[in-house]
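> Have a look at this prediction, sequence included:
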Amino acid sequence: MDHHTRLSAPVLVLNRNYQPIHVCNVKRAVVMLFVGKAEVVENGRGFIRTPSTIFPCPSVIRLAYMVRCPRPQVRLAKREIFRRDNYTCQYCGRESRNLTVDHVLPRHLGGEHGWDNLVSACPVCNIKKGGRTPREAGMFLLRKPREPYASADYLFGRYLSDNGEWRKFILRW
């Protein structure tokens, strides 16, 4: 791993009570360590050497103080809608990476752009439904759309394949 790649690698940031709260890069983590705002919990990446100092290249750090965090929420985005719906069309059940986002109640009929009104749909079903409600189109939803629960596993689990040492911190929350 070259120096630049190492500095941009993800680092799990834990609150004082070991609750995962954020992911930053190694460069930001080393600054937090240097100024005393955090301590290394897992150092799975070796060291960063400067002419005068050697810093651990952390994988997991813990803040030196407790931070009050609001309840985490999943940001509303196309990718997160597909993820919530398990990359499956919510009308026909076809699994695909080629999906569109459909407003269950179309916007021109007063439908909102929110978790409870957006679903994954294959292009065929989205065209078939058009600007109508599912009932008007004779279509039915597989699941009622809702905001996904923002567990630590949901928020940070995508990093686990490359950062197995995070598992014990993520899965306990």
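Received it, and whenever you're ready, just let me know what you need.

> Quick check: mean pLDDT of the longest helix anywhere in the chain?
Ranked by residue count and defined by DSSP state H, the top helix of the chain is helix 26-34. In this model, helix 26-34 has an average pLDDT of 93.

> which residue ranges form the strands in the protein?
All strands of the chain, identified by DSSP state E, fall at 10-14, 20-25, 38-42, 47-49, 54-56, 60-63, 100-103, 118-121.

> Leaving out sequence neighbours, find the closest residue to the most centrally placed residue in the chain.
Centroid check for the chain by CA atoms, centre = their mean gives Leu155 as the closest residue, at 3.9 Å. Distances taken as CB to CB, 6 or more residues apart in numbering place Pro72 nearest to Leu155, at 6.1 Å, with adjacent residues excluded. Placement of C-beta: from N, CA and C, glycine included.

> just Asp162 next, same as before
Per CB to CB, 6+ apart, closest to Asp162 is Pro10, 7.9 Å.

> tell me the domain boundaries of the protein?
Structural domains assigned to the chain are 3-71+151-170, 78-137, following automatic domain parsing.

> what sits against Asp85?
Taking CB atoms under 8 Å, 6 or more residues apart in numbering, we find Asp85 in contact with Val119, Ser120, Arg143, Pro145.

> Buried ones from these, can you make that a ChimeraX selection?
Here is the ChimeraX command that selects only those of the contacts of Asp85 that count as buried (16 or more other CB atoms under 10 Å):
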select :119,120,145
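
> before we move on, back to that, quick check: the residue nearest to Asp162 vs Tyr159, distance?
To Tyr159, Pro10 is 6 Å away according to CB to CB, to the nearest Å.

> which regions of this protein lie under the pLDDT threshold?
Along the chain, segments meeting pLDDT under 70 span 1-4.

> And the helices in this structure?
Under DSSP H, the chain gives helices at 3-7, 26-34, 78-84, 123-129, 134-137, 152-156, 167-170.

> Which one, of these, ends up nearest to Cys92?
helix 123-129 (5.3 Å; CB to CB).

> Other residues contacting that closest one?
Cys89, Tyr91, Cys92, Asn98, Leu99, Thr100, Asp102, Ala121, Ala137, Met139.

> can you check stretch 8-26 too?
For stretch 8-26, using CB under 8 Å, 6+ apart, the contacting residues are 1, 6-7, 27-29, 32, 38, 41, 45, 48, 57-67, 69, 152, 155-156, 159, 162-163, 166, 169-170, 172-173.
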